[in-house]
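**Q** Predicted model, plus sequence, below.
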Amino acid sequence: MTAVLQAEGLWKSFDGAPVLRGVSLELSPHEVVAVIGASGSGKSTLLRCLNLLEGIDDGRILLGEEDISDPRVDADRVRSRLGTVFQSYNLFPHLTVLQNVTLASRVVRRMPRREANDRGRALLERVGLGAFADEHPDRLSGGQQQRAALARAIATDPEVLLLDEITSALDPELVGEVLSLVRQLTEDGATILMATHEMAFARDVAHRVLFLDEGRVIEQGPPDQVFRDPREARTREFLTRFRA
């Protein structure tokens, strides 16, 4: 089966300090891959490189059969094929929730406003925010804002969802409502690459887990293998410290 998204030997440095050191991965259609690792291991940088918010120093990124790391590629066009959700929501405060959700459909996909609004309202109903369509983001809780960000990300039917620590900025009582929505998306067959510190969720939802340490892929495999019987000493050390 052809991979939807591939990274081949990605290197990325900031001010001469390497953050990604030859990272390679593949994401198959309808597969959910969780990237775990300590803070500073390169998880967020990896996702930012994959959606072209950061350039890479070496390596190659393929979206389908297209080399999107080619500097001649239109980055905005590529991002329209990806849905990205960050830990900080990134909703536009001057737009209503509905306008946030429909923005890419109207501006990038040139969808007629009425069609975009109808689809946007249906998505907001799906994520439990139908009553907030005409409110501004500051009227929503953190969990509601993150659900709105997820609705915005899936509004254009992206080929891949990139989720970057989407619960890390939430109060503990709000984490569950966001993870419940991600679980629903996985059950609906979405293709997802998610950086997460929610180990129990990664174990229960992901098809494959990738452990990143100091910019290198140390181990990857099915959740049961990685969490119950990790092969690498560094993985065992990380998971022991995390459980502690």
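**A** Nice, thanks for sending it over. Numbers count the residues shown, from 1 in each chain.
**Q** partners of residue 61 in the sheet?
**A** residue 7 (DSSP bridges).
**Q** shouldn't it be in contact with residue 3?
**A** No - using Cβ atoms under 8 Å, residue 61 makes no contact with residue 3, being 11.2 Å away. The C-beta positions use only the backbone N, C-alpha and C, and glycine is treated the same way.
**Q** Show me how far stretch 117-129 is from its chain's centre.
**A** Distance, stretch centre to chain centre, for stretch 117-129: 20 Å (Cα atoms, centre = their mean, to the nearest Å).
**Q** same check, this time on stretch 158-176
**A** The mean C-alpha position of stretch 158-176 is separated from the chain mean by 8 Å, Cα atoms, centre = their mean.
**Q** sorry, back to before: okay, residue 61 and residue 3: which has more neighbours?
**A** residue 61 (21 against 17; other Cβ atoms under 10 Å).
**Q** Could you tell me which helix of the protein is the longest one?
**A** If you go by DSSP state H, the chain has its longest helix at helix 172-187.
**Q** Okay, buried residues for that one please.
**A** 174, 175, 177, 178, 179, 181, 182, 185, 186 (16 or more other Cβ atoms under 10 Å).
**Q** Let's have those in a markdown table, adding pLDDT.
**A** Shown next, in a markdown table, are the buried residues of helix 172-187 (pLDDT from 0 to 100):
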| residue | pLDDT |
| --- | --- |
| 174 | 81 |
| 175 | 85 |
| 177 | 83 |
| 178 | 85 |
| 179 | 88 |
| 181 | 88 |
| 182 | 90 |
| 185 | 91 |
| 186 | 91 |
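**Q** Pick the one among the residues you listed closest to residue 200.
**A** residue 179 (9.4 Å; Cβ to Cβ).
**Q** Find the nearest non-adjacent residue to that closest one, please.
**A** residue 201 (5.3 Å; Cβ to Cβ, 6 or more residues apart in numbering).
**Q** Name the next helix or strand downstream of the strand or helix carrying that neighbour, please.
**A** Element membership of residue 201, judged by DSSP states H and E, is helix 199-205. Counting by DSSP H and E, the next helix or strand C-terminal to helix 199-205 is strand 208-213.
**Q** so what pLDDT did the nearest residue in space to residue 98 that is not next to it in sequence get?
**A** Distance criterion Cβ to Cβ, 6+ apart; nearest residue to residue 98, sequence neighbours excluded, is residue 133 at 4.2 Å. Here, the pLDDT recorded for residue 133 equals 96.
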